[in-house]
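Quick one, what's the 3D model for this:
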Amino acid sequence: MADEAGDAGEIVIGEEVVIEIDAPAAETAGDDVPLEEETMDLDPVPARRTYIDYLKSPIITLFVGQGDEQALLTAHEALLTTSPWFKDACEKFTEEVSERRIDLIDEDLDAVGCFLEYLYTNDYFPRKVPGSRDLEHDPATPDVDETGDQLLKHARVYTLAENLQLPKLKALASSKIHCVNSTAKGEIAYARYVYAHTAKDDTAIRAPVANFWATRSHTLRSEAEDEFRSMCLEFPQFGYDVLTRVLDEKLKREKNDKMHPSSSHTPGSSRKRPRANA
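Coordinates of the predicted model:
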């Protein structure tokens, strides 16, 4: 209507209403900084490294073992350098070097093979059977580890993973150790290796060994008494660790008996892993 119109080109409808709309957070986050500049400051998302990228990397030769157990193995550098130890070793290579070779003469050939299998497949044989405490059946090994060889296989992978600074491989090897069905003599062979090749403060692998013998030495010692005595004399720390746990368990039982006089306790009822009689 004519009385509602102002100057030409201007339309006024009633009173002026001002509605404030909050700007998006992305536009107000940096005060006077333009949105485009804010976006440019964000770190770029790194490109996904594909399996092909690993396989395109240079080949590294590994000279492993000694004597009859000596062999030349090869692996791709990009996979090897997921280990901090190998990363440092490979950084020493120069463009002028014709052969990229690393000597591992003090390492066990089978353990290195398991390590390489783990790099390429994220596991190594024998694998754990899902939903059980069993390992895949290996037709080349007996069902019961009489000598400790099966325990030692995973123990050597464990210590190699420690040297190569691969905690996930260490945890995998440790979990497989607890799936082995062994005898007293096999356990002593395994305990000897652990106390000879692991650090004193490595309780992750030493504590289960000491606990195992502390709770079963009264029954297992008769199966391998000479080996048990030799082990205690060769590694006094082993004897001390076992004795400490025996005394701790004794004090715990005495305390429990005082608090619950009618309760009964069967020593050594829990098991670290399945066991067959020798």
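
hey, where'd the helices end up in the stretch 1-150 of the chain?
Applying DSSP state H, counting those that start in this stretch to the stretch 1-150 of the chain gives helices spanning 25-28, 35-41, 51-56, 77-80, 84-90, 109-121, 149-163.

How about residue 228, nearest residue that isn't a chain neighbour?
In space, residue 228 comes closest to residue 221 once its chain neighbours are excluded; the distance is 5.1 Å by Cβ to Cβ, 6 or more residues apart in numbering. Using the backbone N, CA and C atoms, a C-beta is placed for each residue, glycine as well.

same question, residue 59
Nearest residue to residue 59, sequence neighbours excluded (Cβ to Cβ, 6+ apart): residue 74, at 5.3 Å.

so the one you found bridges to which residues?
residue 61 (DSSP bridges).

Count the neighbours of it for me.
Residues lying near residue 74 (other Cβ atoms under 10 Å) number 11.

now do the one 5 residues further on
Applying other Cβ under 10 Å, we find 18 other residues in the vicinity of residue 79.

ok, it touching residue 51?
No - assessed by Cβ atoms under 8 Å, residue 79 is found out of contact with residue 51, at 9.5 Å.

any idea how far residue 153 lies from residue 72?
22 Å (Cβ to Cβ, to the nearest Å).

Please identify which of those two sits among more neighbours.
For residue 153 and residue 72, the more surrounded residue by other Cβ under 10 Å is residue 153, and the numbers stand at 24 against 10.

OK, contacts around the more buried one?
When contacts are counted by Cβ atoms under 8 Å, 6 or more residues apart in numbering, residue 153 touches 110-111, 114.

so can I have TSV of the residues you listed showing pLDDT?
As requested, the contacts of residue 153 are exported to TSV (pLDDT from 0 to 100):
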residue	pLDDT
110	97
111	98
114	98
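
and which of these is nearest to residue 250?
residue 111 (38.3 Å; Cβ to Cβ).

which element is the residue nearest the centre of the chain on?
The residue lying closest to the centre of the chain (Cα atoms, centre = their mean) is residue 168, at 2.1 Å. When elements are assigned from DSSP states H and E, residue 168 belongs to helix 167-177.

Show me what counts as buried in the next helix or strand after that helix.
Per DSSP H and E, the first helix or strand lying C-terminal to helix 167-177 is helix 184-197. Buried residues in helix 184-197, defined by neighbour count with 16 or more other Cβ atoms under 10 Å: 184-195, 197.

How about stretch 239-253?
For stretch 239-253, the neighbour count (16+ other Cβ under 10 Å) marks 239, 241-242, 245-246, 249 as buried.

same question, stretch 56-66
Buried residues in stretch 56-66, counted by 16+ other Cβ under 10 Å: 60, 62, 64-65.

And for the lengthiest helix in the chain, what's in contact with it?
Criterion DSSP state H: the longest helix present in the chain is helix 236-259. The list of residues contacting helix 236-259 from outside it, by Cβ under 8 Å, 6+ apart, reads 191, 195, 200, 206-207, 209-211, 213-215, 217, 231-233, 263, 265, 267.

Among those, which lie within helices?
The helices, defined by DSSP H, take in 191, 195, 206-207, 209-211, 213-215, 217, 231-233 from the contacts of helix 236-259.

Can you lay out those as CSV showing distance to residue 254 and pLDDT?
Compiled in CSV, those are given as follows (distance: Cβ to Cβ, whole Å; pLDDT from 0 to 100):
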residue, distance to residue 254, pLDDT
191, 28, 96
195, 29, 98
206, 26, 96
207, 22, 95
209, 25, 95
210, 21, 94
211, 19, 92
213, 21, 91
214, 16, 90
215, 16, 86
217, 19, 72
231, 28, 94
232, 25, 93
233, 30, 95
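
shaky segments in the protein?
Low-confidence segments of the chain (pLDDT under 70): 1-42, 262-278.

Name the nearest residue to residue 175, ignoring sequence neighbours.
Leaving aside its sequence neighbours, residue 175 sits nearest to residue 128 (Cβ to Cβ, 6+ apart; 6.8 Å).
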